[in-house]
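Undergrad: Need the 3D shape of this:
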Amino acid sequence: MSIPIIEVVVAVIIKSDRSFLLARRPEDKPCGGYWEFPGGKIEPGESRLHALNRELMEELGIQIELSYPWITLVYTYSHATVRLFFYRIEKWHGEPYGKENQELSWQFSDDIKVAPMLPANVPVLRALSLPPVYQITNAVDLGVENTLIKLKNSFQQGTKLVQIREPAMIKDDFRLFAHEVVKLAHYYGVKVLMNGDRELSREIGVDGLHFSSAQLMSASSRPEAGLCGASCHNAEELFQAERLGMDFVVLGPVLSTLSHPGATPIGWRKFSAIIRDFTL
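TA: Numbering: from 1, shown residues only. Prediction:
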């Protein structure tokens, strides 16, 4: 007999300073004393968003103003198997407080001070450490000197991740440029991804790799290279990124773009359909 999966909505409530809200489970519940993101079970016939609004009002006394679906995970505990629909909550009405007398705490992904955490939340904590935006170099068109100036300005304004991507640059020029980007980025505490070139990435000490879709589809395992991302254009490539355990994916192009003039845009409707319930 198959064991039913319990469907649960989970709120990742994020302030403008990138801190997020955790709640401590009551001692009389399964996994009592563990910290988790707020949420609860979806009732029969209830939509996910309705369940999320209801749970946050019941538990925290807040109403959602702006949210969007983010990551979906399935996890098996000793007492149940759950499918967790994580939503990012960017705006809300009211000040969260423990309506059920649960302890609450605002935390940062790089300095979590509460424990223990529910194990199902570990992948979400890793995802929260990623910045919402990252830069991609285009020095062939902009010029090396101009690109380095723009990167420095961006790093000073708070950019935390950059991808070195120069498919048309001569290899020797690319090596010199990549060295300069890494030196500049690391000075400002910015992580650097190298697009595809594993050998060079080891040589110059980048923080991870970003795979093209072709490299992704030909890979048999996740590279041992720190942070790993991949470019995807369809559901098959998303599945491969999930199978390899990539840290994140970028999906596109959604609309027409100068960087890929011959590509057929996915469009927002198809984009929404193929990322629905995705795990990364």
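
Undergrad: What are the boundaries of the helices in the stretch 1-150 of the chain?
TA: 48-60, 122-128, 139-142, 144-156 (DSSP state H, counting those that start in this stretch).

Undergrad: looking at those, which has the lowest confidence?
TA: Of all these, helix 122-128 carries the lowest average pLDDT, namely a mean of 91.

Undergrad: May I have it as PDB, with CA atoms only?
TA: The C-alpha trace of helix 122-128 is given here as PDB (Å, rounded to 0.1, in the frame of the first residue of the first chain):
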ATOM      1  CA  VAL A 122      18.600  22.700   4.300                       C
ATOM      2  CA  PRO A 123      18.400  23.000   0.500                       C
ATOM      3  CA  VAL A 124      16.300  26.200   1.000                       C
ATOM      4  CA  LEU A 125      18.900  27.700   3.300                       C
ATOM      5  CA  ARG A 126      21.500  27.100   0.600                       C
ATOM      6  CA  ALA A 127      19.300  28.700  -2.000                       C
ATOM      7  CA  LEU A 128      18.800  31.700   0.300                       C
END
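
Undergrad: tell me the contacts of the nearest residue to Met117 once chain neighbours are set aside?
TA: Distance criterion Cβ to Cβ, 6 or more residues apart in numbering; nearest residue to Met117, sequence neighbours excluded, is Trp35 at 5.2 Å. For every residue, glycine as well, the C-beta is placed using N, CA and C. Counting by Cβ atoms under 8 Å, 6 or more residues apart in numbering, Trp35 touches 22-25, 105, 114-118.

Undergrad: just the buried members of those residues?
TA: By neighbour count, with 16 or more other Cβ atoms under 10 Å, the contacts of Trp35 hold 22-25, 117-118 as buried.

Undergrad: Same list, the residues you listed, but as a markdown table with distance to Ile266 and pLDDT please.
TA: What follows is the buried ones among the contacts of Trp35, written out as a markdown table (distance: Cβ to Cβ, whole Å; pLDDT from 0 to 100):
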| residue | distance to Ile266 | pLDDT |
| --- | --- | --- |
| Leu22 | 35 | 98 |
| Ala23 | 36 | 97 |
| Arg24 | 41 | 97 |
| Arg25 | 40 | 91 |
| Met117 | 35 | 93 |
| Leu118 | 34 | 91 |
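
Undergrad: Filter those residues down to the ones in strands?
TA: 22-24 (DSSP state E).

Undergrad: List just the nearest of the residues you listed to Val124.
TA: The closest of those to Val124 turns out to be Leu22 (Cβ to Cβ; 10.9 Å).

Undergrad: I'd like to know how many residues surround the nearest residue to Pro167 once chain neighbours are set aside.
TA: The shortest distance from Pro167 to any non-neighbouring residue, by Cβ to Cβ, 6+ apart, is to Asn195 (7.5 Å). The number of residues packed near Asn195 is 22, by other Cβ atoms under 10 Å.

Undergrad: list the contacts for Asn195?
TA: So Asn195 contacts 163-167, 209-210, 212 (Cβ under 8 Å, 6+ apart).

Undergrad: Filter those down to the buried ones.
TA: 163-166, 209-210.

Undergrad: Quick check: the two most widely separated of these?
TA: Across the buried ones among the contacts of Asn195 (Cβ to Cβ), the longest gap, 14.7 Å, separates Glu166 and Leu209.

Undergrad: Sketch out the strands for this protein, chain order is fine.
TA: Using DSSP E, strands in the chain cover 5-13, 20-24, 35-36, 39-41, 63-76, 81-93, 104-107, 135-136, 161-164, 191-195, 208-211, 227-232, 248-251.

Undergrad: Can you lay out those strands as CSV showing distance to Leu52?
TA: Converted to CSV, the strands of the chain look like this (distance: least, Cβ to Cβ, whole Å):
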stretch, distance to Leu52
strand 5-13, 4
strand 20-24, 14
strand 35-36, 15
strand 39-41, 7
strand 63-76, 7
strand 81-93, 6
strand 104-107, 17
strand 135-136, 32
strand 161-164, 29
strand 191-195, 32
strand 208-211, 32
strand 227-232, 27
strand 248-251, 23
